[in-house]
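In: model this:
(chains A and B)
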Amino acid sequence: MVTAYIMIKAHTGDADRLKEDIAAIEGVVDVAIVAGDVDLIAKAQVDTPAEVKEIAANQIQGVDGVEDTQTYVAMH
Amino acid sequence: MRFVIVGAGRVGLRTARALRDSGHEVVLIERDPSTVERVRTEGFEVIEGSGSEEADLMETDLETADALGALSGDIGTNFIACMIGKHFGCRTVLRIDEDYREDIYRKYSSDVDEVVYPERLGAIVAKNALLGGNIRAIADIAQNLQLVEYTVTENSPMNGYSLSELELPGDASLLGFGKKDQSIALPSDDYSLEAGDRVVVLADFEALADIQQIIVGDAAPVAVGGA
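Out: This is a model prediction of the structure:
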């Protein structure tokens, strides 16, 4: 099991919709709207590192209103 | 009143000056030592420290402040300063760094009473300067709705008509009227429109050009010279 935290920078104020869309992605177990340089943080739990990349690079980045993501894989 | 300003940079320092000019008591908190020194020479009380550290913030006597303005360039610092300020009973104002975030912070943060985006106000001022003397954008009320002050010119098609005869296009509303050199008041039908009078209108962006034609007129000369 791989756990990853994905920092998400938006370019829309429609944070509710972003949160819903991201929470609906398979493998994403939690999403929070946060204050600071990024706007949301998603937690993903999947079987392989490749799936982390698929979620961050393809699925989350594909959500309308997402500008950029940064992924951090948990070590333990 | 007594105010705590987080950040003594472009926005924070100017805000502090404006408050002091209005007779209020201001204390700033600033991280950069050289900025602290410079602002102290202006006679301001400045605490050297971080607005996101409660211990530093407490040195401003936060409990006795009426409001806290988190006006640094760092939105993370600003947000935490507002959380601490709200805990100690201050009204809180948060400066944001990108305009789309305005809605997010307004909606989700109960610790923030007001959100300010200084660049938007700067853009309105710049726009007014570019438009010239006869049109003044007062505020963007919503994405497509603007409050605008127009000045009637000699070339205006409505010059000489009364306010009751003024028909604004696009469901625009007439909100205020001021005779030349007098202050703006609520509009009354009896007034006549003459060169130099000002008309305040709430209108959709799409109707602005038409309203300008009716009130200001075509080829309106820029800034009719006065006295």
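In: list the contacts of the residue in chain B that chain A sits nearest to.
Out: Closest residue of chain B to chain A, Cβ to the nearest Cβ: residue B:103 (3.1 Å). Every residue, glycine included, has its C-beta placed from N, CA and C. Counting by Cβ atoms under 8 Å, 6 or more residues apart in numbering or on different chains, residue B:103 touches A:13-15.
In: which parts of chain A sit against chain B?
Out: A:10-16, A:33, A:35-37, A:39 (Cβ under 8 Å from any Cβ of the partner chain).
In: please repeat the previous calculation with a cut-off of 10 Å.
Out: Taking Cβ under 10 Å from any Cβ of the partner chain as the contact definition, chain A meets chain B at A:9-16, A:18, A:33-40, A:65, A:67.
In: follow-up on the earlier one: which member of the contacts of residue B:103 is positioned nearest residue B:94?
Out: When the contacts of residue B:103 are compared for distance to residue B:94 (Cβ to Cβ), residue A:13 wins out at 14.3 Å.
In: need the nearest residue in space to the closest one, chain neighbours excluded.
Out: Among residues not flanking residue A:13 along the chain, residue B:103 sits closest, at 3.1 Å (Cβ to Cβ, 6 or more residues apart in numbering or on different chains).
In: A helix includes the one you found, no?
Out: Yes: judged by DSSP: H, G, I helix; E, B strand; the rest coil, residue B:103 forms part of a helix.
In: confirm residue B:14 sits in a helix?
Out: Yes: under three-state DSSP, residue B:14 falls within a helix.
In: tell me which element residue B:77 falls in.
Out: Using DSSP states H and E, residue B:77 sits within helix B:75-87.
In: which neighbours does the next helix or strand after that helix have in its sheet, and in what orientation?
Out: Following helix B:75-87 in sequence order, the next helix or strand is strand B:91-95 (DSSP H and E). Next to strand B:91-95 in the sheet, as set by DSSP bridges, lie strand B:67-70 (parallel), strand B:114-116 (parallel).
In: now for the nearest residue to residue B:65 once chain neighbours are set aside, how many residues are close by?
Out: Using Cβ to Cβ, 6+ apart and skipping the chain neighbours, the partner closest in space to residue B:65 is residue B:4 (4.6 Å). Around residue B:4 sit 29 other residues, with neighbours defined as other Cβ atoms under 10 Å in any protein chain shown.
In: can you list the strands that the helix or strand residue B:4 falls within pairs with?
Out: Per DSSP H and E, residue B:4 falls inside strand B:2-6. Sheet pairing of strand B:2-6 (DSSP bridges) gives strand B:25-30 (parallel), strand B:67-70 (parallel).
In: about what we covered before: I figured the residue nearest to residue B:65 hits residue B:56, correct?
Out: No: the pair residue B:4 / residue B:56 is not scored as a contact, 11.1 Å apart, by Cβ atoms under 10 Å.
In: shared neighbours of the two, anything?
Out: B:29, B:47, B:81, B:84 (Cβ atoms under 10 Å, 6 or more residues apart in numbering or on different chains).
In: flag every buried residue along stretch B:139-154.
Out: B:140, B:146-153 (16 or more other Cβ atoms under 10 Å in any protein chain shown).
In: where do the helices of chain A begin and end?
Out: Using DSSP state H, the helices of chain A run over residues A:15-23, A:49-53.
In: nearest to residue B:41, out of the ones you listed?
Out: helix A:15-23 (42.6 Å).
In: got the buried residues for that closest one?
Out: Result for helix A:15-23 [16+ other Cβ under 10 Å]: buried residues A:15, A:18-19, A:21-22.
In: can you pull out the strands in chain B?
Out: For chain B, the strands defined by DSSP state E occupy B:2-6, B:25-30, B:45-48, B:67-70, B:91-95, B:114-116, B:135-142, B:145-151, B:173-178, B:198-204.
In: worst mean pLDDT among those?
Out: Note on those: strand B:135-142 shows the lowest mean pLDDT, a mean of 80.
In: so which elements touch that one?
Out: Here strand B:135-142 touches helix B:118-131, strand B:145-151, strand B:198-204, helix B:208-215, going by 3 or more Cβ pairs under 10 Å, 6 or more residues apart in numbering or on different chains; DSSP states H and E.
In: at 6 Å what do you get?
Out: helix B:118-131, strand B:145-151 (3 or more Cβ pairs under 6 Å, 6 or more residues apart in numbering or on different chains; DSSP states H and E).
In: thank you, goodbye.
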